[in-house]
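Have a look; sequence and predicted model below, questions after that.
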Amino acid sequence: MDFDIVTLSRLQFAITALYHFLFVPLTLGLAILVAIMETVYVMTGRTIWRDMTQFWGVLFGINFAMGVATGIVMEFQFGMNWSYYSHYVGDIFGAPLALEGLMAFFMEATFVGLFFFGWDKLSKVGHLVTTWAVAIGSNFSALWILIANGWMQNPVGAAFNPQTMRMEVTDFFAVITNPVAQAKFVHTVSAGYVTASVFVLGISAWYLLKGRHVQLAKRSMTVAASFGLAAALSVVVLGDESGYLSTEHQKMKLAAIEAMWKTEPAPAAFTAFGFPDQKARETHYAVHIPAVMGLIGTRSLDTVIPGIEELVQKAEQRIRDGILAYDALQTIRAAGSDAAIPPAARAAFEQHGNEMGYALLLKRYVDDPRQATPEQISKAAWDTVPPVAPLYWSFRLMVGIGMFLILLTGTFFVLSARRQLDTRRWLLKVAVWSMPLPWLAVEAGWIVSELGRQPWVIEGVLPTAAAVSSLGAATVLMTIAGFVLIYTVLLFIEVKLMLKAIRKGPDVGSEATHRAPLAAQVVAAH
């Protein structure tokens, strides 16, 4: 039953996280694009750029509201479904979340109101500062969230206190400068910039196909194509950095992504295609590209990337060391006072304490890890292998879409430079139909990041199965059903509001309308 509760709790968090992440990338990117458009308006004084800022700002506002609502629900789940996790690492994990609320969300939410209601109350420059504050706040919000998430992937700057039975901060600067967190941040926000660029590109292409708001659409496409191409190229570079860091900090995740069952001589080949079989521990019909994985993963020709089977063997030894740490911990806690702790127990915990999380993997099979059999230790070691096939295909879906989006934004960048954006209708249709692709890519990337960490909620420290609250399966099922129902209704409202705003278009369609005499505008309106 405990395992069922774990599975259901993971399912609930996955549903809410993936749903929330539908809105985050668009918020990140659209805030920057809107700020760029208003900057051009302030610099040139051409009112068409104000029209663009206001129109895309409305779509940003709808999306922002949904992102806030779903994000708040996610944070409450830590206390509801993952209470032991909150107790165990609250000192570390809570700090970035608090800073996100104080520094980022507060600034973002405050200036959003000024953005929408301050057009006639603020100067041009004052309103521009407000718009950039919204954009910066959005990105700061992502920074602190990803610092928290990056710590879960690579727990640095913290140590376990055997007296309080909690992880405690030892170096907060190490937490916020965690290389995994920094790589995740720049990779995630770049993906958000691509998402927003393709969103703007697709809607603008639809306007050109309909012959509506042509000048606004062309200018929007120029900005989106330029910004999107730069962002798409940066996603590739920053994704490579994330892969390189996985080689250092999450070797099992990297091996699972590549379905690399056995260690290969350096440099390892890249499996371009195949069908991973986790039961048989092999990849059927694999197509390999020699040396590519070694170059990407290690940036060298002589560094070996360990395979899944070798990593499982290492995990088994770490479990045995963790049992020694667990035994020493029980002795330390039974001592009652620091002076009464036997030196041998203190020394054993200092030597093996970093491996205690591996001993907790045995809790799935036995109440006391010290009583585990060799067979149970072997099973727990194989539990460190995440689901290979979903990781394998999610990663390739993400990379494939990323390559296509580079081609798409690059094509429209060239067309905009040649002033030929509306000369090829079939390309405009491709842009419209490509709009869902960035969301598929970012969701696949999130699956790779989070599913690849399993069975850990905190890599090497706390297994997911040990982090859940003591809830009944019926309770979790009821909340899952409630979330699915409410989120489906919210998604319907979101899409309906977005489509209504897009069909309506900007209030004023072109700069010429602004410059026409008032009488001419009245005639045109009738």
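Cool, got the structure. Numbering: from 1, shown residues only.

use CA for all of it now, contacts and neighbours both
Will do.

can you pull the contacts of the spatially most central residue of the chain?
Centroid-nearest residue in the chain: residue 446, 4.9 Å away (criterion: Cα atoms, centre = their mean). Residues in contact with residue 446, defined by Cα atoms under 8 Å, 6 or more residues apart in numbering, are residue 18.

Please report how far it lies from residue 439.
In this structure, residue 446 and residue 439 are 11 Å apart, going by Cα to Cα, to the nearest Å.

now the strands for the stretch 201-350 of the chain?
Remark: strands assigned in the stretch 201-350 of the chain by DSSP state E, counting those that start in this stretch are 270-277, 282-289.

ditto for the chain
Remark: strands assigned in the chain by DSSP state E are 158-161, 166-169, 270-277, 282-289, 456-458, 462-463.

quick one, the fourth one and strand 270-277 angle?
Counting by axes from the mean of the first three to the mean of the last three Cα atoms, to 10 degrees, strand 282-289 points 170 degrees away from the direction of strand 270-277.

pull the CA atoms of strand 282-289 into PDB?
Presented in PDB, the C-alpha positions along strand 282-289 are these (Å, rounded to 0.1, in the frame of the first residue of the first chain):
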ATOM      1  CA  GLU A 282      19.500  -4.400 -24.000                       C
ATOM      2  CA  THR A 283      18.400  -2.000 -26.900                       C
ATOM      3  CA  HIS A 284      16.900  -3.800 -29.900                       C
ATOM      4  CA  TYR A 285      17.700  -2.600 -33.500                       C
ATOM      5  CA  ALA A 286      20.100   0.000 -32.200                       C
ATOM      6  CA  VAL A 287      21.700   2.400 -34.600                       C
ATOM      7  CA  HIS A 288      24.900   3.800 -33.300                       C
ATOM      8  CA  ILE A 289      27.000   6.900 -34.300                       C
END
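
mind listing what's buried in it?
For strand 282-289, the buried set under the neighbour-count rule, 16 or more other Cα atoms under 10 Å, comprises 282, 283.

likewise the fifth one?
For strand 456-458, burial by neighbour count (16+ other Cα under 10 Å) applies to 456, 457, 458.

what sits up against it?
Strand 456-458 is contacted by residues 151, 152, 153, 154, 155, 462, 463, 464, 467 when judged by Cα under 8 Å, 6+ apart.

switch to 6 Å and redo it
By Cα atoms under 6 Å, 6 or more residues apart in numbering, the surrounding residues in contact with strand 456-458 are 152, 462, 463, 464.

The third one now?
If you take Cα under 6 Å, 6+ apart as the criterion, strand 270-277 is touched by 283, 284, 285, 286, 287, 288, 289, 292, 293, 389.

same thing with the shortest one?
Contact partners of strand 462-463, identified using Cα under 6 Å, 6+ apart, comprise 357, 455, 456, 457.

Let me have those residues in TSV, extended by distance to residue 131.
As requested, the contacts of strand 462-463 are exported to TSV (distance: Cα to Cα, whole Å):
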residue	distance to residue 131
357	46
455	42
456	40
457	37
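
Pick the one among those residues closest to residue 471.
The nearest member of the contacts of strand 462-463 to residue 471, counting by Cα to Cα, is residue 457 at 17.9 Å.
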